[in-house]
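Undergrad: Show me the folded form of this:
(2 chains)
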Amino acid sequence: MYVLIVGCGRVGSNVARSMLADGHTVSCLDQDPESHARLEVGLDTSWEEAGGHFTVGTALETQALEEAGIAQADAFVAATNGDNTNIVISQIAQRRYKVDTVIARILDPLRAEWYREQGLRTICPTRVAIEMLEDKLRDAAATGGGE
Amino acid sequence: MYVIVAGAGKVGVNLTRELLGQGHEVTLIENRRQRYLGVEQLLEHNVLYGDASELWVLERAGIERADMVIAVTGDDEDNILICQVAKEKYGIDRIIARVNNPSNRAHFDLLGIKPVVSATELILRLLEHEVPHHNLVHLLDLEEEEIEIIEIRLGPKSPVVGKTVGELNTPDNTLVIAIIRDGRGVVPNASTAFEAGDDILAVLDPDREEELKSIFTA
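TA: Coordinates of the predicted model:
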């Protein structure tokens, strides 16, 4: 499968390496050329030698998306540090380029929930953190962590 | 009318002031603390501190009862999102979005965000009117209504030079409405003759543009 990951931060770069290790074709797009270094953390070779692709450009530029291979992508991950950017580019991937699987990382739980209801596949790490914290606190309360 | 304006840059602030002056109720939303504090001095309780792309902020601004939402932040993604949410989640029919980077305009169109305003495009269009690179300039495009007004510059080789308006065989749904000659506009009649250097204004169905253009230009 051809996976295009936009936003090569901690999340994007880790997902990119895992997908490459699983044998998929992986292309990353980020506006910061320095983010390329993150892809090589823990690799013995360069990202390109390992078979990965990397493009520098902003997510909203269709030219950059096309250069990164959006036309042949089977899966698209929007993991930039901007919720609104992720929401907008995911919809572009879905509606304009008809990518089969589109997943958007959205930190704000309210926006994540509403866009999920509209048919976007969303991942909300904040929601996961909230639930985990609540569970830990409830566990502590149940095992007698004070009145 | 109750209007929510997102983004207190120069456009947002001036727009808010004008709308308030016209007697409308306005809430201006700004998420940069310093900017908010500065603008609050001027517009007082009409300014709300917060990120207009957060749903709870829009709700606090009273989006449920808003008649119109105008997104004029400096960020195109934010303007798209604010308008999309206003329209699709809160059912606001009237929205206006600012396009900062003209190359993002296609994204606004794709997601159904209209009308949009782009200062860059407007200036380019004015520039085109003043200093035409092409001999055809769009003066007005009403896309929904499928009507437009264009200006065509007649070169010395134009096949209509020397002919009169009455002799012209213009297609259906097109009409020559004015001729600008030596800086003055005249409404032509059937006996008005075309001269090289004239600027022709025509109103037409956009589908007829190529056809009309081919009549006036060689």
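
Undergrad: The residue lying farthest from the centre of chain B in helix, strand or coil?
TA: Distance from the C-alpha centroid of chain B, by CA atoms, centre = their mean, peaks at B:Gly162 (35.8 Å). At B:Gly162 the chain is in coil, as set by DSSP: H, G, I helix; E, B strand; the rest coil.

Undergrad: Okay, it and B:Asn169: tell me how far apart.
TA: As judged by CB to CB, to the nearest Å, B:Gly162 and B:Asn169 stand 15 Å apart. For glycine as for every other residue, the C-beta is placed from the backbone atoms N, C-alpha and C.

Undergrad: still on that earlier bit, could you pull up the contacting residues of the residue farthest from the centre of chain B?
TA: If a contact means CB atoms under 8 Å, 6 or more residues apart in numbering or on different chains, then B:Gly162 has B:193-194 as its contacts.

Undergrad: What number of residues are in the vicinity of the residue lying closest to A:Ile70 once chain neighbours are set aside?
TA: Residue nearest to A:Ile70 in three dimensions, not counting chain neighbours: A:Tyr97, with 5.0 Å by CB to CB, 6 or more residues apart in numbering or on different chains. By the criterion of other CB atoms under 10 Å in any protein chain shown, A:Tyr97 has 17 neighbours.

Undergrad: ok, now which ones touch A:Tyr97?
TA: Residues near A:Tyr97 by CB under 8 Å, 6+ apart: A:65, A:70-71, A:73, A:76.

Undergrad: Whichever of those residues end up buried, select them in ChimeraX.
TA: Applying 16 or more other CB atoms under 10 Å in any protein chain shown to the contacts of A:Tyr97, the buried members can be selected in ChimeraX as follows:
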select /A:65,70,73,76
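
Undergrad: Let me have the contacts of A:Tyr97 in CSV, adding pLDDT and secondary structure as columns.
TA: Listed next are those as CSV, based on pLDDT from 0 to 100; DSSP: H, G, I helix; E, B strand; the rest coil:
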residue, pLDDT, secondary structure
A:Leu65, 97, helix
A:Ile70, 98, helix
A:Ala71, 96, helix
A:Ala73, 98, coil
A:Phe76, 98, strand
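
Undergrad: Which members of the contacts of A:Tyr97 define the maximum pairwise distance?
TA: Maximum pairwise distance in the contacts of A:Tyr97, criterion CB to CB, is 11.2 Å, between A:Ala71 and A:Phe76.

Undergrad: average pLDDT for stretch A:11-25?
TA: Mean pLDDT, computed over stretch A:11-25, is 97.

Undergrad: Also stretch B:108-120?
TA: On average, stretch B:108-120 scores 92.

Undergrad: Residue 64: neighbouring residues, count only.
TA: This is for chain A. Neighbour tally, A:Ala64, other CB under 10 Å: 18.

Undergrad: Not quite, go with chain B.
TA: With other CB under 10 Å as criterion, B:Glu64 counts 10.

Undergrad: What of A:Thr85?
TA: By other CB under 10 Å, 23 other residues sit near A:Thr85.

Undergrad: In contact with it, which residues?
TA: A:59-60, A:78, B:77.

Undergrad: Serialize these to JSON lines and add fields for neighbour count.
TA: JSON lines is the format used below for the contacts of A:Thr85 (neighbours: other CB atoms under 10 Å in any protein chain shown):
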{"residue": "A:Ala59", "neighbour count": "24"}
{"residue": "A:Leu60", "neighbour count": "22"}
{"residue": "A:Ala78", "neighbour count": "29"}
{"residue": "B:Glu77", "neighbour count": "23"}
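
Undergrad: Just the ones of these in strands?
TA: Those of those mapping onto strands are A:Ala78, per DSSP state E.

Undergrad: A:Ala112: which of the contacts of A:Thr85 is nearest?
TA: Checking the contacts of A:Thr85 one by one against A:Ala112 (CB to CB), the nearest turns out to be A:Ala78, at 11.9 Å.

Undergrad: Now A:Arg38: closest residue in space that isn't a chain neighbour?
TA: Leaving out its chain neighbours, the residue that sits closest to A:Arg38 by CB to CB, 6+ apart is A:Ser13, at 3.9 Å.

Undergrad: Quickly note the distance from that neighbour to chain B.
TA: 22 Å (CB to the nearest CB, to the nearest Å).

Undergrad: element containing that residue, please.
TA: In this assignment (DSSP states H and E), A:Ser13 forms part of helix A:10-21.

Undergrad: Now the element after that helix, going C-ward?
TA: Remark: after helix A:10-21, the chain's next helix or strand is strand A:25-30, criterion DSSP H and E.

Undergrad: Okay, now the sheet partners of that following strand, with direction.
TA: According to DSSP bridges, strand A:25-30 has the following sheet partners: strand A:2-6 (parallel), strand A:53-56 (parallel).

Undergrad: Deepest in the core, which of those strands is it.
TA: Highest mean neighbour count among these (mean count of other CB atoms under 10 Å in any protein chain shown): strand A:2-6, with a mean of 25.

Undergrad: Distance from it to the middle of the chain?
TA: 9 Å (CA atoms, centre = their mean, to the nearest Å).

Undergrad: Could you do stretch A:132-147 as well?
TA: Mean-position distance between stretch A:132-147 and its chain equals 32 Å (CA atoms, centre = their mean).

Undergrad: Which element, helix or strand, includes the residue in chain A positioned nearest to chain B?
TA: When scored by CB to the nearest CB, chain A has A:Asn84 as its residue closest to chain B, at 4.0 Å. Using DSSP H and E, A:Asn84 maps to helix A:83-95.
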